[in-house]
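Visitor: coords please:
(2 chains)
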Amino acid sequence: MSAPSQLPPDRTRGRRRFLRVGLAGGAALAVGGVLAWNVSGYEVPAETARTLRALGPKEFLVVQAIAARIVRPDAPDMPSPDEVGVAPFVDGLVARLDAANRTDLLRLLHVVEHVLPLGSGYASRFTRLPGPAQDVVLTAMMTSRVPLLRGAFEALKSLCVMGYFRDARSWVGLGYDGPLVGRPVGGWVGAERLAPRVRERSR
Amino acid sequence: MTGRLVRGRALGPGDRTESCDVVVCGGGAGGSMAARELARGGLEVVLLEEGGDQAPSDFTQREDEMIPELFAELGGRRTEDLAVLLLSGRGLGGSTVHNTNLCKRIAPEILARWRDEHGLSGLSEETLAPLFAEVERALSVREIPVPHVNRANTLFQRGIESLGFRGGRLSHNRDERCIGSGFCELGCAYDAKLNARRVLIPQAVAAGARVYADARVDRIRIERGVLRHVRATTLDAEGRPRGTLTVRARAVCLAGSAIGSAALALRSELHDPHGRIGRSLRVHPGAAVAGVFDERVEAWRGIPQSVECTEFLDLSPGSERRVWLVPSFAHPIGTAAQIPGFGPSLFRQLRRYGHLVALAAMVHDETEGRVSLEGDRVRIAYVPSDADRAQLALGARGAARILLAAGAREVLVPAMPAITIRAERDLVRITPERFAPHDARLTAVHPMGTLRMGRDPAQSVVDERGRHHFSRAVYVVDGSLFPTSIGGPPQIGIYAFAAKVARGVLEDLRARGS
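Guide: The predicted structure is shown next:
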C-alpha cells in the first residue's frame, strides 16, 4: 500500500482564506494610493436591478465584463454573451448556491475587479479596462503560478460557458442540434431501427 | 405499514417527528438498496434524501437545467484547491440517475487486496458472486448489443483492435425503452435506466418504506452509544429550509456518498478516536483526450459509453498500469468547459465539435484525499500523487494512440497549454508533469473510501459488516465503505454491499429484539 500523499502547504490553503487575503491585499494597496478604490459607479438599468437575486449591481457588472471576454465568439454568426443573457443566468445560479460557496464566489468577483488588474500592471478596475487589457488580466489568471487563481478562472469560465451555451443560437456554430425531447427522430446511428419507438415517445 | 414517497418541497413549514426502526440517510444506489432490503425484511424504514425527486418528464436534456438539478453543489463541486471537478449525484436515485449505466463487478484482485491488507477475509469473490448476480438480475444488466454502439464508440473500438489492445463492449442496466438518445448524463427522459430511482425506490415504498426527498440530514444524535434521533431540514424547490424532521430510530445507515456521509459523520461527532473519518478518499481522477476526425462523428448521438479499453488496467497491488479508458463525450457546455482557453480561440476549437471523439483516462488511484469540515463547509482535499499523475499520463498517451489508430488527424489533451498530437512521435509531450493540479483538466465521478471497512479500528471506520467500530447503531451502505479504489464503475459494488450490510442490520436488530 502506498503512503498517503502529502499535500503541499500551498495547495491545502483554504480557498476562503485565500480570497480574504486577496481582498485585504487589494484594499491595502488602495489605501496606499496605488489604486483609486472607488466603490461607486456601478449602475445597472432599474429593470435589471429589480431582477437580481444574488448579485448586487457591482457583481453583476463584473460578471458581465468577464463573460464578454470569456465567451466572446470568433465570428458574427454566434450571439454575444449579452444577447443570450449570461450575467442574468449566472445571477440565478449563484442564488441557488449554498451560503459558503456563494460567499466565495462574490469574494472572487471582487478580487477580479480590484486586485487582479494590479497584478497585470493596470491601476484600474477590471470593469473599466478596455477589452484587450481585460484579456491580459484573464490570461494572467488562467496561467497564474498561484494554483487557486487558475482554479478560480476555471470556475468562472464554467459559469460563463453554461450561461452562453445554454442558448440554442449558440449551438448553430457548433453543429449541435440540441435536445431530442419533443421533436421527431433525428438521424443518429441506429435511428432507423429505433425510429418507431422514438416517434412513439416524441408524441 | 404503508409506504409513501413525500417530496419535502410539497410540505408546509413546521416541525415533524417520525419513528422507525432504521433511518437511511441518502437515496442513491446504496440508500435505495438498503431501504428496500430493510423494508422487505419487515422493519420500519425512513429514507431521507437531500435532493429532489425527478420524474422522467422533468429531464429536459438541457445541460443548464439538468446539471444544477442532478449534481451536488449545482454541478460545481470542486476540491479545495479547485483543481478537480467532483461530479456526484443529488436527488432520489443519486448518481444512478445521471450515470451512463456502466455495470462491472468489483474485481477479484481488489477483493483479494481488501482481504490481505485490510483483514476483510469474508469478502471473497466466491462469497460475493451470488450477491453481484442478484443485483445484476434485479437491474437487468446485459452487454450492449452491437447495433446500439454509436459512431464514436465504433471508432474507439476500431483503434483498440488495430493496436491489438485489450478491450470490448460494456454492460449496462437499460431496457427496451432506450432509444439511444445520448442524453444519459442529463437524466433519462425515456425512463430506460433500470436505476435506483426506477427499480429500488418503488420497491422500497411498496414494502412499506417512507421516503422523503428534499430532506437534508443535519445531524445524528448519539448519546452514550445509543442512537437518539436523526435531525433533518426539509427544503423547498430551491433548497431553502422549510421545516424540520426528527426521526427516532434504532439504527441509522449512512448513504450520502463518500463525501456526504463522511461530512455527516463528522458533523455528528461520531466517535473517532483514531481520526479515520473522512480520510482515505479515492475518486478515480480522470483526464479527457479528444481526437479530431475528418468525418463528422456527432458523438453526442447514441449511447455515450459502450466500449472500454483495459490494456492499461492491471488491478493487482503494486501495479504500474492503473488506467481505465472509456469514451467521454459531453454536450456543448461540458465540452466548452474542458477545452483550454477563452474567447475566439475557444470558439475556433468548438467549431470542430461535431468531429470530436473524446476518451477519458480514469485512474485506479492510490492518492489518499480527505473530507473534513471547516465550519459549515465541507472541505475536500485531494491532490493526485506523483504516481497517479504518471498514470494519468500513461492513460492519456494510450488514449491518444487509440485515437490516432482510429483515424484521428489530431489529438488534443486539454492541459494548459493544450498538447496537440499529430503522430506517435508526438506522444512524448504527454508527461506526468503536465498533469500537475490545474495544468490538466481533471474530473472525478467516483468518490470512495472515507468511512472505510477494515478489521483494525485504528485504520478503518466500520467493520466487514459495515457497522461502525464504536457506535453499534451506525452502519455505512455507500461507496464510503470501500477500503481502496476499485478501478471501475462502482454502482454494482455499492448496490451489492448495501444489500449485504442491510441484511446484517436485519440480523442485528432481530437479535436485539424490540
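Visitor: centroid-nearest residue for the chain?
Guide: Assuming you mean chain A. A centroid search over chain A (C-alpha atoms, centre = their mean) returns A:L156, at 3.0 Å, as the residue closest to the centre.
Visitor: that's the wrong chain, I meant chain B
Guide: In chain B, the C-alpha nearest the mean C-alpha coordinate belongs to B:H446, at 3.8 Å (C-alpha atoms, centre = their mean).
Visitor: quick one: residues contacting the closest residue to that residue other than its chain neighbours.
Guide: With sequence-adjacent residues excluded and distances taken as C-beta to C-beta, 6 or more residues apart in numbering or on different chains, B:H446 is closest to B:H284, at 4.2 Å. C-beta coordinates here come from the backbone N, C-alpha and C atoms, glycine included. Neighbour list for B:H284: B:W324, B:M362, B:V363, B:H364, B:D365, B:A444, B:V445, B:H446, B:M448, B:S485, B:G487 [criterion: C-beta atoms under 8 Å, 6 or more residues apart in numbering or on different chains].
Visitor: does B:H284 belong to a helix, a strand or coil?
Guide: Put simply, B:H284 is coil when judged by DSSP: H, G, I helix; E, B strand; the rest coil.
Visitor: and the contacts of B:H284, which of them are in helices?
Guide: Assigned to helices by DSSP state H, none of those qualify.
Visitor: what is the nearest of those to chain A?
Guide: B:D365 (9.7 Å; C-beta to the nearest C-beta).
Visitor: in what helix or strand does A:L93 lie?
Guide: helix A:86-96 (DSSP states H and E).
Visitor: restrict the following helix or strand past that helix to CA atoms and write it as CSV.
Guide: Per DSSP H and E, the first helix or strand lying C-terminal to helix A:86-96 is helix A:99-110. C-alpha atoms of helix A:99-110 as CSV (Å, rounded to 0.1, in the frame of the first residue of the first chain):
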residue,chain,number,x,y,z
ALA,A,99,-24.1,30.3,1.5
ALA,A,100,-20.4,29.3,1.8
ASN,A,101,-20.0,28.8,-2.0
ARG,A,102,-22.0,32.0,-2.7
THR,A,103,-19.7,34.0,-0.4
ASP,A,104,-16.6,32.5,-2.0
LEU,A,105,-17.9,33.5,-5.5
LEU,A,106,-18.8,37.0,-4.5
ARG,A,107,-15.4,37.5,-2.9
LEU,A,108,-13.7,36.1,-6.1
LEU,A,109,-15.6,38.7,-8.2
HIS,A,110,-14.2,41.4,-6.0
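Visitor: how far off centre is helix A:99-110?
Guide: In terms of C-alpha atoms, centre = their mean, to the nearest Å, the gap separating the centre of helix A:99-110 from the centre of its chain is 12 Å.
Visitor: okay, the angle between it and helix A:86-96?
Guide: 150 degrees (axes from the mean of the first three to the mean of the last three C-alpha atoms, to 10 degrees).
Visitor: checking my notes, A:R145 in a strand, right?
Guide: No - A:R145: not assigned to a strand; according to three-state DSSP it is coil.
Visitor: what pLDDT is listed against it?
Guide: On pLDDT, A:R145 comes in at 88.
Visitor: how about B:D439?
Guide: Looking at B:D439, its pLDDT stands at 87.
Visitor: that one contacts B:M416, doesn't it?
Guide: Yes - contact between B:D439 and B:M416 holds when scored by C-beta atoms under 8 Å: they sit 5.4 Å apart.
Visitor: ok, B:R301 - how many residues close by?
Guide: Residues near B:R301, counting by other C-beta atoms under 10 Å in any protein chain shown, number 23.
Visitor: just for chain A, where's the confidence low?
Guide: For chain A, the stretches flagged by pLDDT under 70 are A:1-39, A:183-203.
Visitor: OK, contacts around the closest residue to chain B within chain A?
Guide: Taking C-beta to the nearest C-beta, chain B has its nearest neighbour within chain A at A:G151, 2.4 Å off. Listed by C-beta under 8 Å, 6+ apart, the contact partners of A:G151 are A:R15, B:R78, B:D81, B:L82, B:A83, B:P437, B:H438.
Visitor: how about the secondary structure of the last one?
Guide: Pointing back at B:H438 there. Three-state call for B:H438 (three-state DSSP): coil.
Visitor: distance of it from B:P340?
Guide: B:H438 is 11 Å from B:P340, where distance means C-beta to C-beta, to the nearest Å.
Visitor: now do the fourth one
Guide: B:L82 sits 15 Å away from B:P340, going by C-beta to C-beta.
Visitor: please, where are all the helices along chain B?
Guide: Secondary structure of chain B (DSSP H): helices at B:29-40, B:63-70, B:108-118, B:125-138, B:151-163, B:201-206, B:257-267, B:332-338, B:344-350, B:386-405, B:491-512.
Visitor: got the angle between the fifth one and helix B:386-405?
Guide: Read it as helix B:151-163. On the basis of the same axes, to 10 degrees, helix B:151-163 is oriented at 100 degrees to helix B:386-405.
Visitor: likewise the last one?
Guide: Between helix B:491-512 and helix B:386-405, the angle comes out at 140 degrees (the same axes, to 10 degrees).
Visitor: kindly export helix B:491-512 (C-alpha atoms) in CSV.
Guide: What follows is helix B:491-512, C-alpha atoms only, in CSV (Å, rounded to 0.1, in the frame of the first residue of the first chain):
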residue,chain,number,x,y,z
GLN,B,491,-22.6,1.1,-8.8
ILE,B,492,-22.8,-2.7,-8.9
GLY,B,493,-20.4,-2.8,-5.9
ILE,B,494,-22.4,-0.3,-4.0
TYR,B,495,-25.7,-2.0,-4.6
ALA,B,496,-24.2,-5.3,-3.6
PHE,B,497,-22.6,-4.1,-0.4
ALA,B,498,-25.7,-2.1,0.6
ALA,B,499,-27.7,-5.3,0.3
LYS,B,500,-25.2,-7.2,2.3
VAL,B,501,-24.9,-4.6,5.1
ALA,B,502,-28.7,-4.2,5.2
ARG,B,503,-29.1,-7.9,5.8
GLY,B,504,-26.7,-7.6,8.6
VAL,B,505,-28.7,-4.8,10.1
LEU,B,506,-31.8,-7.0,10.0
GLU,B,507,-29.9,-9.8,11.8
ASP,B,508,-28.6,-7.4,14.4
LEU,B,509,-31.9,-5.7,15.1
ARG,B,510,-33.7,-9.0,15.3
ALA,B,511,-31.1,-10.2,17.7
ARG,B,512,-31.5,-7.1,19.8
